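K.L.:
Got a sequence here, can you build the structure:
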Amino acid sequence: MAVDEHCIPGMDRVDALAECLVELRTQTSLTLTNQQVATIVGLWQNLDKFDKDRVVYAARHQDRLLTGRFRSPKKKAVFTPGVDSTKRCVLGSSGSPAQWPNCCRLVEMIFIRLCNIHRSPKKQRTECLSRWDLILRDYRKIRQLILNNGTVMSDTTLQLVEVNQRTLTTWHNNRLKGQEVSLLLQGLDLPEARPVALDVLPPARVQPVVPPQYSHQLHTYQMPPDTAGQAKTKFRKIAPSATYVSGALPSPIFHH
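P.N.:
Residues are numbered from 1 along each chain as shown. Okay, here's the model as predicted:
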């Protein structure tokens with residue numbers, strides 16, 4: 001039985017179901033045939049209990065929201081954890097909250113296969129679709145086929161969660177970085193734990209309950225006397241400005 005990167009068995013059965021679901025992206029019909037439903041249910045029943053468990057959704061609660069329609073007021077508001085966050089997810093946008101592709105091994109394996117299929121952008125008519133648009137388009141088509149079939153939804157606990165471009169690209173980049181770190185650490189003997197000192201550490205210093213009392217003579221500060229409000233305003237005499245008499249000015253002399 002094949003294992004994943006965490007040495008959890010049953011990965012070959014997950015890959016078989018993911019391969020069957022990825023093949024649905026090419027069909028033009030909007031419904032599943034009875035043969036396809038029987039194959040999907042049979043592959044799901046062949047999974048281990050670990051992969052049949054319900055998906056644990058990411059937490060949506062935030063203690064305080066600073067921006068947007070549901071931002072917190074300046075005063076501290078009283079709220080019930082989970083109520084405001086659920087209201088924000090339902091009323092805040094037109095779409096449902098997106099999850100991470102690695103929320104379960106089946107969804108992650110589906111996206112790994114789709115990433116291997118779509119490695120570059122594709123031009124269609126006058127527009128160019130990015131790699132992530134192509135992956136999400138195929139995944140949402142597979143998801144709608146599963147959600148629209150009552151037999152699959154009733155006989156299995158298959159949960160294909162909503163994923164958007166942000167969660168997809170973040171998961172893809174973190175996955176590549178994690179593989180690079182695992183490759184660099186391959187063959188290295190890292191210490192299991194930080195070494196412990198041989199000498200016993202001294203006991204912690206106990207803080208006194210009452211501050212220590214000192215016997216030295218207290219210093220007395222000689223402060224100047226308070227003279228507030230005792231200042232007197234001095235008025236300065238202003239000399240009169242010089243005045244000119246109109247008749248005293250010499251008359252102009254004109255030369256012919």
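K.L.:
ok, residue 27 - contacts?
P.N.:
By Cβ atoms under 8 Å, 6 or more residues apart in numbering, the contact list for residue 27 is empty. In this view, the C-beta of every residue, glycine as well, is placed from N, C-alpha and C.
K.L.:
and it, how far is that from residue 144?
P.N.:
Using Cβ to Cβ, to the nearest Å, one gets 12 Å for the distance from residue 27 to residue 144.
K.L.:
Do a quick rundown of the strands in the chain.
P.N.:
With strands called from DSSP state E, the chain shows them at 122-124, 127-129.
K.L.:
possible to save those as a markdown table with mean neighbour count and distance to residue 239?
P.N.:
Converted to a markdown table, the strands of the chain look like this (neighbours: other Cβ atoms under 10 Å; distance: least, Cβ to Cβ, whole Å):
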| stretch | mean neighbour count | distance to residue 239 |
| --- | --- | --- |
| strand 122-124 | 10 | 92 |
| strand 127-129 | 11 | 88 |
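K.L.:
what would those look like in CSV with mean pLDDT?
P.N.:
Listed next are the strands of the chain as CSV, based on pLDDT from 0 to 100:
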stretch, mean pLDDT
strand 122-124, 86
strand 127-129, 88
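K.L.:
Dump these to a markdown table, plus distance to residue 198.
P.N.:
As requested, these are exported to a markdown table (distance: least, Cβ to Cβ, whole Å):
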| stretch | distance to residue 198 |
| --- | --- |
| strand 122-124 | 64 |
| strand 127-129 | 64 |
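K.L.:
which stretch among those comes nearest residue 12?
P.N.:
Set against residue 12 and scored by Cβ to Cβ, the strands of the chain come closest in strand 122-124, at 30.8 Å.
K.L.:
who's in contact with that closest one?
P.N.:
Residues outside strand 122-124 that contact it (Cβ under 8 Å, 6+ apart): 128, 129, 134.
K.L.:
Likewise for stretch 131-142?
P.N.:
Stretch 131-142 is contacted by residues 21-22, 24-25, 110-111, 114-115, 117-122, 129, 160, 163-165, 168-169 when judged by Cβ under 8 Å, 6+ apart.
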